[in-house]
Structures are given as structure tokens and as C-alpha cells.
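[1] Give me a 3D structure for the following:
(one chain, ligands or ions: 1)
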Amino acid sequence: MATTRRPEASWASSEGVARSMRSNRRRDTSPELALRQLLHAAGCRYRVDYAPGLDRRRRADIVFTKLRIAVFVDGCFWHSCPVHGTIPKTNADYWVPKLERNRTRDEETTRLLESDGWTVLRIWEHEAADAACVRVLAVVDLKRRTMGTNQEAVAFGGTSTDVAPLRPDRGSTGHRPRMRGECGCGNSAG
Ligand SMILES: [Zn+2]
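    Next comes the predicted model:
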């Protein structure tokens, strides 16, 4: 098919690079798993690798649907962490715009969600899981108190924090997974 393959297409199609490019949007990374485990231990219920907004291609790593909190655990390389972000010397022509696009997209996603009433938390993969957990719990607690009065007033730390049936509040687009067990939490409600 590709008769006029651009140079970067040929190297990018090599197995190693293809694999690392896929990891741009991977789930279940170990920093993310560690954070999920701590949140779960704190009694949180959440969705994993879930699109909180209307754009289904913009997925967050941990999503509290009722509280409208979207947590992204960003990889240091792919999201240009100020501490560890680097640009590979080889194929810089490819990587510079690529990483720049990632950054622009991150900002865009944050803006889109925030304008839709979501609280967005971005956590670097290098952050300690317990510190990240404290950050998330602080936001969960805050939103629970500000939103919680007319919703379910369950004390945080209980077993049913974000566990109520999903409301079809996204215009019934039908993309909300119902029974996929992807909350990352083994507890059953109540
Ligand atoms: Zn980093």
C-alpha cells in the first residue's frame, strides 16, 4: 500500500518503537496500580481507563463518575515531566512535535473536562503513590462535601463512596460500560 513511506514511518514501524508508542496510552502501569490499590484500600470506588467526557478518545486513568473527578497518571517521558522529560536525540524531528502534541492534547483535555464541571488531577508517574493518594483523597473529600449534601451523604471511607448506579447523564450516548467490573475494586456495594 504505502508506496511513499516517510522515513519516520519506516523506523516507527519497527517492533520496539511500535511497542513503546503503544505504551503512550497504556493502562495498568505500576504507578497507576499502586495508586489504585491505595484508593481502594481507602474505600474509594472508581472507574479505570474511562472516558469521562463526551470525547471517548480522551480517557482518564481513574474516574470518579458521580463526583466528577478525573485522575490522569502521566508518564514522565510521554507527557514531558519537568524533572524527567527528555527528547530523544535520534529522530528528534519526530519526537519534538510528537511530545508537543501530547502536551497540547493534555492541556486541551484538562480544559474540556474542567469546562464541563470536572475536577482534573494530573499525577506524574514519578510521584510517590501514597502522596498521590493523599492528593486524590483530598479532592474526593472536598467534592464530597460540596456536592454531597443533596446526593448520597455517605461518609467517606465507607464502602459505598462512588458506588451508586450510573446515571445516564451524558445524553444516553450508551458508551458507559455497565457491567464490566472495571471499577478496580473487588468490593460489592453495601
Ligand atoms: Zn517525572
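
[2] who's in contact with residue 125?
    29, 31-32, 73-76, 81 (C-beta atoms under 8 Å, 6 or more residues apart in numbering). All C-beta atoms are positioned from the backbone trio N, CA, C, and that covers glycine.

[3] and these, which of them are in helices?
    31-32 (DSSP state H).

[4] beta partners for the closest residue to residue 121 other than its chain neighbours?
    Sequence neighbours aside, residue 71 is the residue nearest to residue 121 in space, at 4.6 Å (criterion: C-beta to C-beta, 6 or more residues apart in numbering). Counting by DSSP bridges, residue 71 is bridged to residue 62, residue 121.

[5] what's near enough to touch residue 71?
    Here residue 71 is in contact with 35, 46, 60-64, 120-123, 136 (C-beta under 8 Å, 6+ apart).

[6] Low-confidence bits of this structure, can you list those?
    1-27, 148-190 (pLDDT under 70).

[7] Please, where are all the strands along it?
    For the chain, the strands defined by DSSP state E cover 47-50, 60-64, 69-74, 119-124.

[8] Dump those strands to JSON lines, plus distance to residue 130.
    Formatted as JSON lines, those follow (distance: least, C-beta to C-beta, whole Å):
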{"stretch": "strand 47-50", "distance to residue 130": "19"}
{"stretch": "strand 60-64", "distance to residue 130": "15"}
{"stretch": "strand 69-74", "distance to residue 130": "14"}
{"stretch": "strand 119-124", "distance to residue 130": "12"}
